[in-house]
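Novice: what would the 3D arrangement of this be:
(chains A and B)
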Amino acid sequence: MRYDNEQVRAAAEQLRGKFESLEEKQAIRRAPELTALYEQIKTMSPEKRASFGKEVNALKDEVEGWIKDHNLPTLKRPAIDVTAPLDFNSSKPELLPTELGSRHPLMSELEKIIDIFVRMGFAAVESRQLDDDYHMFTSLNFAQDHPARDDYDTFLTHEGLIAPAHTSTMQNRVLKQYKSNLQAGRAISAVIAGRVFRNEDLDARHEHTFYQLEGLYVGKDINAGNLMATLKIFLEEYYGQALEVKTQPFYFPFTEPSFEFALSCPFCKKKGCNICSYSGWIELLGCGMIHPNVLKEAGIDPAVYTGFAWGGGIDRLVMMKNGIEDVRNFHSGNLNFLRQFS
Amino acid sequence: MKVSLNWVKKFNEISLPVDELIEKIGAQLGAVDEVIDLGKRYEGIVVAKVVSCEKHPNANKLKVCMVDDARAIKNVRRNGQGLVQVVCGAPNVAEGQLVAWIPPGSTVPSTYEKDPFVIESREIRGVLSNGMLASPKELALGDNHEGLLILDKDAKPGDTIAKVYELDDHIVDIENKMFTHRPDCFGMLGIARELAGITGQTFSSPDWYKQDVKSQLPDSQGVSLGLKIKNEAPKLVPRFCLIAVSGVKVKPSPIWLQSKLSRVGVRPINNIVDITNFLMLETAQPLHAYDYDKLKTGTIGVRLSKDGESLKILGGKEIKLDGGAVVITDGQKPIGLGGVMGGADTEVDENTKNIMLECATFDMNVIRKTAMRYGLFTDAATRFTKGQSPLQNIAVLLKAVDAVQKLADGKTASKLLDEKTNLPELPMVKTSVEFINSRLGLELPGESMKKLLENVGFIVQSKDKQFLVTAPFWRTDIEIPEDIVEEVGRLYGYDHLNLKLPVRDLTPAKLNENLEFKSRLREILSRGGANEVLTYSFVHGSLLQKTGQDAKLAYQIRNALSPDLQYYRLSLTPSLLEKVHPNIKLGYGQFAFFEINKAHSKAHLEDDKSKLPKESELLALVFAANDKAAAATSGAAFYKVRSYLDFLARELGVSLEYSAVDTESEEQVMKSYELKRSALVKVQGTQDALGIIGEFRAPVIHALKLPLFSAGFEIDIEKLAASAKAARDYQPLPRFPKVEQDISLRAPDKLSYRQLFDFAQKTLGKIKPKNSLVLLEPVSIYKKSENESHKTITLRLTITSYERTLTTAEVSSLLDSLAKEAHSELGVDRA
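Specialist: From the prediction side, this is the model:
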């Protein structure tokens, strides 16, 4: 590179020599020749400053280029003895200190929640991350082209596979898997956890990737009161306090009747706070009595057995609990975030 | 769905206070998004009479008016007769008019939401103006800003404007999703009925809202306009009704009507269009009005669209159609996208004299597809996609004709044409008191259930606690007994349910071993100072390319909003590598990231018959250190990351084996790894590799700006879990002291550490004293220089006997024997 300014040209010359001899190449960034040029920019008249500054910046870029080239992975790395537990002339490598380590808050919360349900007698199942239309929609009583499918903004592959938008994508499988429970005179009780997807734009409150937990209970004489009681006892255990619950009617093709379920705000004891938007209530999940067509599809006679199901997001629970301001933090891989959960 | 409580009250007496009503709506009808107290916007605004109106002395376009508000407003300057002076710029202001006066201190309603503009008394060109006279736009009653709103109703000066035009209203926005299956709830009438139902009242629909009411209209009252229907898509359009009306006077609607529409967010256009919108808002049944004289022929066609046809829709946009949508034609070309949007070429405008009214039923699925295909999510489409009942078409059309006659002076000019096929029967469902109670966990008497259902129009025939329930004609969602359960439960109120836990036996639920194992992995690795991350299941194509993976094997998302979500990932490592540089930039010197997640590849399908892609359960870890931290660490990054895997294996009780990678592999998980500095990971004694561990290829380091000191591993969790032990390898405690001694062996570089170590281990096993415990550990590997052809490996032997105290001499001679064996077998010398 040719520099028009004499001073810059001279500095470039010197820096080149210095770089060759430097042990730690990065140190060239702090070379006095470079700092001096920057100092000089400040003292110049505005009309001169522009062209001079340009040259100095060009030189800085060139220097960065040297460092980059030096580090460039034309790396001469010899083969190593991978069967050895340590490198030659080296001590045995150490792990990072335990206090820096962390589990992802979504995963540890999910474990806590699953643990409560397991204690309540629910088997835990994990949800798929790529599934077919049958499990995502058809087996759940969504007719082909039914407008109710629009509410799910699904990602589709070219093969027509679906990134599941709810953990209910596992309902049919779970019902079939545990059908033998019913024959043995026991109920089907399972929770399904996993990653689900909605084709949405990202913002502080919307993620296209999030976690859900779904629950199923099927047996004889199961009613809507059982559903409410089960969710209530779970939430009371989870929040460690007595709570009030209420429902709003809702619509899901795979439950009838369907509800939206709300609990009294455990953070302010219904007094009103910013978590519950000063309403005293938190809408938490969708639920309902499993639609007879869903049971039928899994080979369960809806005239004999009834059941309930619910599903809700985990991300929001964790955000509310910890006061996390932005849902995008979860998948950011940002250590500033992660290490707060060490 | 925006509901006007004043509108609803037209059908039904509601005595509950608004806040209690809102709570009931939430609990028994659907989630309330928002409640707007409209009355607040109109506070202080009153009817005033323009008593005099004179030209402004200093401005040509302004007038100085004296208005009479019957002294309704306090604290305002009045003249001797009690009149108030207001300067007005509207061209239509005149003496004797009744107008809306916004007095000083009140807010202009149209600015109430965003940037409230409070009116004050001020001089306008030297003349004091006490407040302002308002235009319809300023009153948030439509777009008209050309002149004042001149009251068209009996009203007295001093009346509040809110009262005169029902603006003292509450608008309740109920979430649309609640009504996915409730076509009737997209109209005020349906909401009024539900409100009656949940407050225990019996609802009667207005007389005109009847199933297939007979038309009392004369075929024409003067002019006769030719009209015929040719329905070629009867499956998708089960009913199509038309009528022509002649001699209409198109003009702005009366203000009460504009007020109604405006309150629920619909823009008033002209009386004809407003009537169709009004009836849609009231009954949920969309209608459309065409300018009859703009039709090419009087034969109206209903058919599927043809690929390549075009249609100019309302608003003037030209859309190119492909097949599959329902279009309405004038016998020659499409004049409307049936059930979604009308065409611009047959739009009713101020010159329209004769109109054709359409009231039809369209298949919800075709409407959904059409709305999505052309991005036209209109009010009509919203309603048709909920499955409107064809049994209400005639009633609504007759009501529309009636309104056109009243508000636009029209006269019918054709028969009411009713083209229909296979109209549905009213749904009938058999159920019982016991069934309903068992599903709800209630003990409601049959009589109460019957009453709840009849309140909202169901017909219930009951005999011996058995019900035969006939759904009303506006309900298209009632099919099965569970639907009746929902109806009873909701109308009764779910907050009255008995909260009782189900009873189950003591059989423990099976533990999910996979989940337990993953939890264990998490716990171990975080104990090792590593941070668990979650990254997206989807990756940008460029990441696959940068990490050398083959995008052709990845499932591609066809409708992703962002290119960052193009492909399902083939392995986890690339996603982790992407997170390295940003954290280095944040100033973190060194860190280990791990993720437990799934990956998918077209190359691997599930073993079952599902043909679904295999969900590979993977664990990946990446260690990275910036140059400064790396300088303080000795040894290559490979060994650092290996120490993590060794730690994990130790904790799981698994013995791993690392072997050099000899050949390039097609396994995508290996693509980012530099093979000569990587190893295949196997469980000792097995053939099948768990995965790979190593440093990354130069181009990967370069493309993802990784620090040079970086390495990782990615392994299959299911295979690892299969070898993990629940218990530790325990050795009984010896009573005798242990003896430690090191041995250093100088070996040629090409002899691997493991060959030597395994040899030593095996040999010691053969020659050790009987009934003793032998532990062999690495101490160091020494090389004079990097290119040296030999290395010295020092191992530490710790030996304990269960029988006696071993002597140092005994152990020395053991190591001598080992050295001798090593010399003869491996050509290795003691250093």
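Novice: which stretches of the stretch 101-250 of chain B have low pLDDT?
Specialist: Residue ranges of the stretch 101-250 of chain B with pLDDT under 70: none are present.
Novice: what residues does it have near chain A?
Specialist: Applying the criterion C-beta under 8 Å from any C-beta of the partner chain, the portion of the stretch 101-250 of chain B that neighbours chain A consists of B:Lys177, B:Met178, B:Phe179, B:Thr180, B:His181, B:Arg182. For the C-beta atoms, the positions are set from N, CA and C on the backbone; glycine is no exception.
Novice: burial check on the third one, number of neighbours?
Specialist: Using other C-beta atoms under 10 Å in any protein chain shown, B:Phe179 has 25 neighbouring residues.
Novice: other SSEs contacting the worst-scoring helix or strand of chain A on mean pLDDT?
Specialist: Scoring the helices and strands of chain A by mean pLDDT, DSSP states H and E places helix A:46-71 at the bottom, with a mean of 78. Using 3 or more C-beta pairs under 8 Å, 6 or more residues apart in numbering or on different chains; DSSP states H and E, the elements in contact with helix A:46-71 are helix A:6-21, helix A:32-43.
Novice: can you put these in CSV and add distance to chain B?
Specialist: CSV is the format used below for the helices and strands packed on helix A:46-71 (distance: least, C-beta to the nearest C-beta, whole Å):
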stretch, distance to chain B
helix A:6-21, 16
helix A:32-43, 19
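Novice: Throw those helices into a markdown table and include mean pLDDT, thanks.
Specialist: Formatted as a markdown table, the helices and strands packed on helix A:46-71 follow (pLDDT from 0 to 100):
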| stretch | mean pLDDT |
| --- | --- |
| helix A:6-21 | 82 |
| helix A:32-43 | 83 |
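Novice: quick one: contacts for B:Gln321?
Specialist: One correction, residue B:321 is Leu, not Gln. B:Ser305, B:Lys306, B:Asp307, B:Gly308, B:Glu309, B:Ser310, B:Leu311, B:Val327, B:Pro334, B:Leu337 (C-beta atoms under 8 Å, 6 or more residues apart in numbering or on different chains).
Novice: using the three-state scheme, assign the third one.
Specialist: Classification of B:Asp307 using DSSP: H, G, I helix; E, B strand; the rest coil returns coil.
Novice: surely it touches B:Asp322?
Specialist: Yes - the criterion here is C-beta atoms under 8 Å, and B:Asp307 meets it with B:Asp322 at 4.8 Å.
Novice: those two: which is more packed in?
Specialist: Comparing B:Asp307 with B:Asp322 by other C-beta under 10 Å, the one with more neighbours is B:Asp322, at 12 against 9.
Novice: give me the phi and psi for the more buried one.
Specialist: Its backbone dihedrals place B:Asp322 at phi -120, psi -170, with angles given as degrees, to the nearest 10.
Novice: for B:Ser448, see how far away it is.
Specialist: 54 Å (C-beta to C-beta, to the nearest Å).
Novice: cool, and A:Gly307?
Specialist: Relative to B:Ser448, A:Gly307 is positioned 26 Å away (C-beta to C-beta).
Novice: between these two, which one's more packed in?
Specialist: A:Gly307 (27 against 14).
Novice: how about residue 341, what does it touch?
Specialist: If you meant another chain, say so; for now it's chain A. A:Ser102, A:Arg103, A:His104, A:Pro105, A:Ser108.
Novice: my bad, chain B
Specialist: For B:Met341, the residues meeting the contact criterion (C-beta under 8 Å, 6+ apart) are B:Ile313, B:Leu314, B:Leu376, B:Thr378, B:Ala380, B:Ala381.
Novice: bridging residues for it?
Specialist: For B:Met341, the beta-bridge partners under DSSP bridges are B:Leu337.
Novice: restricted to helices, list the contacts of A:Phe341.
Specialist: Using DSSP state H, the members of the contacts of A:Phe341 that fall in helices are A:Pro105, A:Ser108.
Novice: pipe the contacts of A:Phe341 into a markdown table and attach pLDDT and neighbour count per row.
Specialist: Shown next, in a markdown table, are those (pLDDT from 0 to 100; neighbours: other C-beta atoms under 10 Å in any protein chain shown):
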| residue | pLDDT | neighbour count |
| --- | --- | --- |
| A:Ser102 | 97 | 22 |
| A:Arg103 | 97 | 22 |
| A:His104 | 98 | 24 |
| A:Pro105 | 97 | 23 |
| A:Ser108 | 96 | 18 |
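Novice: go back to the contacts of A:Phe341 and keep what's next to chain B.
Specialist: With C-beta under 8 Å from any C-beta as the criterion, the contacts of A:Phe341 include A:Ser102, A:Arg103, A:His104, A:Ser108 near chain B.
Novice: excluding chain neighbours, what is closest to the third one?
Specialist: Using C-beta to C-beta, 6 or more residues apart in numbering or on different chains and skipping residues adjacent in sequence, the residue nearest A:His104 is B:Glu532, 4.2 Å away.
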